[in-house]
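Chemist: Sequence plus the predicted model coming up.
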Amino acid sequence: MGGNQSWVTEFILVGFQLRAEMEVFLFWVFSLLYIFSLLANGMILGLICLDPRLHTPMYFFLSHLAVLDMSYASNNVPKMLANLMNQRRTISFVPCVMQTFLYLAFAATECLILVAMSYDRYVAICHPLHYAVIMSWRVCTALAVTSWSCGFILSLVHAVLLLRLPFCGPQEVNHLFCEILSVLKLACADPWINQVVLLAASVFVLVGPLCLMLASYTRILLAILRIQSGEGRRKAFSTCSSHLCVVGLFFGIAMLVYMVPDSSQREEQEKRLSLFHSLFNPVLNPLIYSLRNSQVKDALRRALQKRSM
């Protein structure tokens with residue numbers, strides 16, 4: 001670093017740059033979606049905790065997914081909402097790095113939790129007689145702890161490498177929040193190490209897990225086709241299709257953002273994709289799992305009946 005360089009103490013989040021009336025409209029729409037995502041994921045988490053019939057490995061991992069979705073949205077959306085109502089869209093350097101760290105940590109952890117969920121479905125359908133032994137609570141806890149630990153360790157590596165870079169201007173982050181690719185563009189030094197590590201981490205938490213899940217679901221599909229009962233096939237496919245919907249949305253968007261070569265034309269598209277990840281995905285996940293899952297609907301019905309008594 002040269003001696004005449006001064007450290008940037010805050011960044012400006014550019015956002016969408018819309019008319020004031022449209023920003024007010026989006027503020028209320030995004031606020032309602034954010035509140036709904038917290039309520040819906042909180043409801044699923046509460047049902048899983050309170051209903052003994054949902055104390056199974058599948059819903060154990062689903063409870064972790066609900067916590068991740070609430071945390072994921074709460075890390076980005078409140079600042080995004082504040083910026084829609086405030087023309088001075090600044091964020092200090094340390095909170096910006098912290099937002100980047102948590103964003104990456106929750107995203108990586110969710111990738112690995114989704115892998116654990118697919119493994120659970122693979123064992124349940126392909127090895128039903130050994131399910132209780134293979135998916136013991138000890139194994140489930142180990143998978144969950146490993147997912148959270150790997151997610152936060154990977155994110156910590158990115159945060160440390162980010163803090164090593166000098167930021168001496170410009171200050172404008174062309175994004176809705178402190179997303180790592182947008183922040184790296186403002187560094188006064190070549191961030192090639194950060195980019196290489198980010199690509200390697202993307203392969204580890206996106207490409208590798210996706211290949212494992214595709215292999216698992218190929219085996220699952222073959223096992224479902226061998227089921228003699230039509231009702232049994234429908235039940236097995238319904239459970240797996242919910243998970244496949246979530247996996248498709250999450251991994252598809254993440255790979256478009258982090259695995260496709262960058263260009264100036266893609267910046268606006270990346271904002272919309274990140275918005276979908278941060279706001280719409282946490283809303284869709286509980287809808288997919290509750291509307292397509294009879295056990296969750298039955299648990300909600302029992303909870304409402306108890307309250308009315």
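Modeler: Happy to help now that I have it.
Chemist: Just to be sure, Asp190 is in a helix?
Modeler: No - using DSSP: H, G, I helix; E, B strand; the rest coil, the assignment for Asp190 is coil, not a helix.
Chemist: Return the distance of it relative to Arg164.
Modeler: Separation of Asp190 from Arg164 (Cβ to Cβ, to the nearest Å) stands at 12 Å. Bear in mind the C-beta positions are built from the backbone N, C-alpha and C, glycine included.
Chemist: Compare the two (neighbour count), which wins?
Modeler: Higher neighbour count among Asp190 and Arg164: Arg164, with 12 against 9, using other Cβ atoms under 10 Å.
Chemist: What separation is there between that one and Ser136?
Modeler: Distance from Arg164 to Ser136, by Cβ to Cβ: 42 Å.
Chemist: do Leu65 as well
Modeler: Per Cβ to Cβ, Leu65 is found 20 Å from Ser136.
Chemist: again, but for Thr218
Modeler: 25 Å.
Chemist: just Glu267 next, same as before
Modeler: Glu267 is 47 Å from Ser136, where distance means Cβ to Cβ.
Chemist: These two: which is more packed in?
Modeler: Glu267 (15 against 12).
Chemist: show me what contacts the more buried one?
Modeler: Shown in contact with Glu267 (Cβ atoms under 8 Å, 6 or more residues apart in numbering): 174-175, 182.
Chemist: Please identify the helix or strand for it.
Modeler: Assessed by DSSP states H and E, Glu267 sits inside helix 267-275.
Chemist: Which residue ranges of the stretch 101-250 of the chain form strands?
Modeler: In the stretch 101-250 of the chain, the strands defined using DSSP state E, counting those that start in this stretch lie at 172-173.
Chemist: shaky segments in it?
Modeler: Within the stretch 101-250 of the chain, the segments meeting pLDDT under 70 span 231-232, 235-236, 238-239.
Chemist: circling back: Pro282: which of the contacts of Glu267 is nearest?
Modeler: Comparing the contacts of Glu267 against Pro282 with Cβ to Cβ places His175 closest, at 18.5 Å.
Chemist: tally of neighbours for the closest one?
Modeler: Count around His175 with other Cβ under 10 Å applied: 22.
Chemist: Show the contacting residues for Gln295.
Modeler: Counting by Cβ under 8 Å, 6+ apart, Gln295 has contacts 53-54, 59.
Chemist: Kindly recompute the last result at 10 Å.
Modeler: 47, 51, 53-54, 56, 58-59, 239, 289 (Cβ atoms under 10 Å, 6 or more residues apart in numbering).
Chemist: Relative to Val24, which of those is nearest.
Modeler: Tyr289 (32.6 Å).
Chemist: The helix or strand hosting that closest one packs against which elements?
Modeler: Here Tyr289, judged by DSSP H and E, is contained in helix 281-291. If you count contacts as 3 or more Cβ pairs under 10 Å, 6 or more residues apart in numbering; DSSP states H and E, helix 281-291 packs onto helix 20-50, helix 57-84, helix 230-258, helix 294-308.
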